[in-house]
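K.L.:
model this:
(chains A and B)
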Amino acid sequence: MATDTQVPPAFVGGSAPARHMKAGVTHAVLGLFLIAIAFAVLGDDRLTHIAFDRTLTDLDWALPTQGIVLALGAITAAIGVWMVLGIPQRRFKPAGATAVTAFVLAILIWSYSEPGAVFRAESILAGALFLAVPYLFGALSGVVCERSGVINIGIEGQFLMGAFTGVLVANITGNVYAGMVGAMLAGSLSTMLLALLATKYQVNQVVVGVILNLLALGFTSFMYDQLKKAEGLNDAYGIPTLTWGPLADIPVIGPVLFQQKLVVYVGLVLVFAIWFLLYRTRWGLRTRAVGEHPAAADSMGVAVNRLRFWNVTAAGLISGFGGAFFTIANSLAFNKNMTAGLGFVALAVMIVGRWNPLGVLVGALIFGFTTKIAQDLDASGSALVPGEFLQMLPYAVTLVVVAGLIGRAKAPAADGVPYNPGDK
Amino acid sequence: MAVKPYKLALVGLSAVGLAAVAACGEAPSDSGDDNADASFLACMVTDSGGVDDKSFNESSWNGMLAAEEENDDIKVDFKESSSETDYDPNLQSSVDDGCNFIVGVGGLMTENVNAIATANPDVSFATVDGFSEVENVYSIQFDTAQSAFLAGYVAAAQTQTGTVATWGGLQIPPVTIFMDGFARGIAKHNEDKGTDVQLLGWDVEAQEGTFINGFESATDGKSQSDTFIEQGADIIFPVAGPAGIGALTAAAEDDAVTAIWVDTDGYESTDYGSEIITSAEKGLANAVKDSVLAAYDAAQGGDAVTGSYIGTLENGGVSLAPFHDFEDDVSDETKAEIDALTQQIIDGTLVVESPASPTAG
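P.N.:
I've put the predicted structure just below:
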C-alpha cells in the first residue's frame, strides 16, 4: 500500500514513542469489557465449537470460551495501556490492528458459544469469498475509473445492466458464458456514456453517475416487465462449481480456494492483474498520472481525455461482469433492482481499499466475511445478537475500518475534475 | 480535445442497440378490454412484488380476472407499486380513475387503504392480509397457520437430516403466521411420532427468527438458504414471495435439498416444481374474486361493501397443495395423518395458535 502522507515528518524514523490517549483508552475499555463479559456472562463450562464441515467432517473442536475471551480481552487491554503510556510510531498501526482483530475474534467466539451454534469454518470462509465477489468487481471498476480521474458512481447501474443482459444473452444464445460476455459489454456500454459525458462534454461526473444509475434501474425494470410476457427470455442460467480434484480435499484451503465458481477465480486474477497493470506498466503510469496531474501528463504527450475515455469504458467491462454475479453466478433469473444497493457498497470498498487493487481485495473480503457471519449467526438462531443488528454489521465494520484503521483515505488528486487542455 | 468520429459512432451504435433491445418488448396488453362497456370498475393496487410475482400479487390479480370473467358488467384494472411510497399515489389515482372497488394487496398497505377509504366513503375498498375497522373496507385475511401447520408436519416426516429451515421476508404478521404454523406442525410431529426434528430460522416462543429484510432480493434468499443448508437443513420453507425463488435455486443446486412453497402451488407457479414437496396455499384468487362480486352486489344497492373474510381449512381459503412429484415419496401413513389433522383443525379439536392469527375484530 502507498506510504502515508499523514505521518508527521518528526516521526518518519518511527522509533520515538508517542502517547495516543484516545485510541489507547478506547482499546483498554474494549479489553476490560471483554474481561468483564468473560467473568460475568460466560461460565467456565461454555464451549465454542469449530468444525471443518466439508473435509474433516468427524472433527469437532470444542474450545473453552471463557479462557479465550479472557486472553483476547487481556491482549486488547494491554495494547490500549501501551498506547496510553507511549508506543513507537511504527508499532502504532500494527498494534491497533492486532487489538481490533483480537476484539472481533473474541466477539465471534462469544457469539458462537451460544447453544446450537457451530463455527463451520470451511463453509463460512468459502461463502465469505463468494459473497466478496460483487464488491471486488465493483470496486476494481471504480479503481480503474478513479485512478484515471473519473468518478464512477454508476457502479450500481452497471451491475444492473450486467445482471440483466447476462441473463438475456444467455437465454438467447443458450450459452451461459456468452451471457457473461454480454454482461461485460452491457456494463461497458453504460460506462461509455459516462466516459463520453465526462471527457467530451465535461459534465459533473457525480451527477452523470447518479443519472446513469436511475437510467439503468428504469431500463432494466421496464425490460423485465416486457420479458415476463415472453417465454424463455428470463430463465435462470447457472455456472457449475469447479472442483480441483484432490486439491479440494485439503482442509480449509480446499473448500475455500479449490471449490468455487468461475467468477471467484476471475475476480482474484483480476485483482493482481490490475495491480500489476497500474503499478508496473507504462499504461498504469500514464493512468495514474492522468488521475493525479492531468496537465503534467498532457505536457508529456499523454492524450488525457482519450486515455480517460478508454479506461472508463474498459472499467465497465469489469463492473458489468460483476453484475453477472447476481444472476448467473447465483443461478437466478433477473428481477427488478436485484442488486439492492451493493454497487454503492462496492464504492465504499474502493475507498476502504484506498484506490489500490490489493486494498480492495482486503476490503471486499472483510465485507464478504461479515455478511456471511451475519447470515450464519442469524440462521443458527444464536440469541446473543438480534437479526436486525446482524444486518447492520457489514456497514458498522466498514465505518470502524475506514475511520479507525485506515484514517484519511486520499483520492487521486484530479479525481472528478474534468480536464480541458485549454485552461491550465 | 475533439472526440474522434469513430467514438461518436460507437456511442451512437450503443444507443441504437439499447433502443433496438427496448423495441423488442411488446406493448403492454390492455388488461380489461373484454368487458369494455362494463359499469363497474374494480381496481387492484399491488405490493412491490408486481402483478407477475408468482406469489400473492399474481394470485390476487387472477381473482380479479376471474371476477371479470364471471360478470360481464365488471371491468378490472391494476396499478403496480415498486415501493411503499407508491401506495398512496396508486390508491389515489385509482379513486381518480373512477374505480368503484379498490383492492390493496398486502398487509403493509392496510393503513394507506384505511386513510383513503375514510376520505372516500362512497367507494368500496378491500385490504388483503390486513384487518381494517373502517366501514367501507372489506378485510380479506387467511389463517395460514393452519396450512403451514400441515406443511410443517409433512416437512418433519420427510426430512432425512432431522433439520429443516424457514426464513421470512419481513417480520410482519402475514409472514410470521406461516412460520408459527410451520413450527407447530413440526412440534406436533415430534410429539406424536417421537422424532426430534429441529427447525432453524424461527423460534416460535420467542417470536424471533431469520428475515432478509425484503421480498425482492432472490440473491439474499439464495445465500441465506445456502447458509441453512450448510447448517444441515434439507427442507427449506421460504416465506418471502419472489425472494423465496432463491431458496428454490439453492435446492436445485443440492440434490439432497427440497423446498416447500407458500401462497400459491409452487409446482404450478414457479419453474422449480421438481424441488417442491408441497405448498402452504392460501386461496387468494377465490377470496379476491368473491370480494369483487360482493362489492358489485353491494354497489347495485347503492352501498359500499362491508364485512370481512377469513380463509381457513374449513372454507377452503387455505389448503395444502398436492404433492405432485413427491406423491410417491410421502408415505401413505403421513398422508392419512395429514387428513386426520386437517379434520381435527376443521372440527376445532386442534387449534393452531399464532399471535398473528387473524381476528374478526
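K.L.:
Could you verify that A:Y279 is part of a helix?
P.N.:
Yes: per DSSP: H, G, I helix; E, B strand; the rest coil, A:Y279 lies within a helix segment.
K.L.:
domains for the chain, by residue range?
P.N.:
Answering for chain A, as no chain was given. Here the domain parsing of chain A from automatic domain parsing is A:9-113, A:131-360.
K.L.:
Hmm, no, I was thinking of chain B.
P.N.:
With automatic domain parsing as the reference, chain B has domains B:40-142+B:285-311, B:145-277+B:331-347.
K.L.:
between the ones you listed, which one is nearest to A:W61?
P.N.:
domain B:145-277+B:331-347 (17.1 Å; C-beta to C-beta). In short, each C-beta sits where N, CA and C put it, glycine included.
K.L.:
check whether that closest one contacts chain A.
P.N.:
Yes: under the criterion of C-beta under 8 Å from any C-beta of the partner chain, domain B:145-277+B:331-347 makes contact with chain A via B:165, B:167, B:200-201, B:203, B:206, B:208-211, B:213-214, B:216-220, B:222-224, B:226-228, B:230-231, B:242, B:245-246, B:249, B:252-253, B:271.
K.L.:
tell me how far the ends of that domain are from each other?
P.N.:
By C-alpha to C-alpha, to the nearest Å, the extent of domain B:145-277+B:331-347 from end to end equals 16 Å.
K.L.:
Could you give the average pLDDT over it?
P.N.:
In this model, domain B:145-277+B:331-347 has a mean pLDDT of 92.
K.L.:
now that domain, how far from the centre of its chain.
P.N.:
For domain B:145-277+B:331-347, the separation from the chain centroid amounts to 14 Å (computed by C-alpha atoms, centre = their mean, to the nearest Å).
K.L.:
give me the element B:R184 is part of.
P.N.:
If you go by DSSP states H and E, B:R184 is part of helix B:173-193.
K.L.:
elements contacting that helix?
P.N.:
Counting by 3 or more C-beta pairs under 8 Å, 6 or more residues apart in numbering or on different chains; DSSP states H and E, the packing neighbours recorded for helix B:173-193 are helix B:145-158, strand B:163-168, strand B:198-200, strand B:202-203, strand B:235-239, strand B:276-282.
K.L.:
Helix, strand, or coil at B:K75?
P.N.:
B:K75 ends up strand, using three-state DSSP.
K.L.:
returning to what we had before: ChimeraX command to pick out the buried ones of the residues of domain B:145-277+B:331-347 next to chain A?
P.N.:
Buried subset of these, written as a ChimeraX selection, criterion 16 or more other C-beta atoms under 10 Å in any protein chain shown:
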select /B:165,167,200,201,208,209,210,211,213,214,216,217,218,219,220,222,223,224,226,227,228,230,231,242,245,246,249,252,253
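K.L.:
Take the residues of domain B:145-277+B:331-347 next to chain A and keep only those in strands.
P.N.:
B:A165, B:W167, B:L200, B:D203, B:E208, B:G209 (DSSP state E).
K.L.:
show me where pLDDT drops low in the stretch 101-250 of chain A?
P.N.:
Of all residues in the stretch 101-250 of chain A, none has pLDDT under 70.
K.L.:
What parts of it come near chain B?
P.N.:
A:118, A:120, A:123-124, A:127, A:130-131, A:168, A:189, A:192-193, A:196, A:199-200, A:219, A:221-223, A:225-230, A:235-236, A:238.
K.L.:
what do you get if the cut-off is 6 Å, keeping everything else the same?
P.N.:
Residues of the stretch 101-250 of chain A lying close to chain B by C-beta under 6 Å from any C-beta of the partner chain are A:R120, A:S123, A:L189, A:M192, A:L196, A:K200, A:Q226, A:K228, A:K229.
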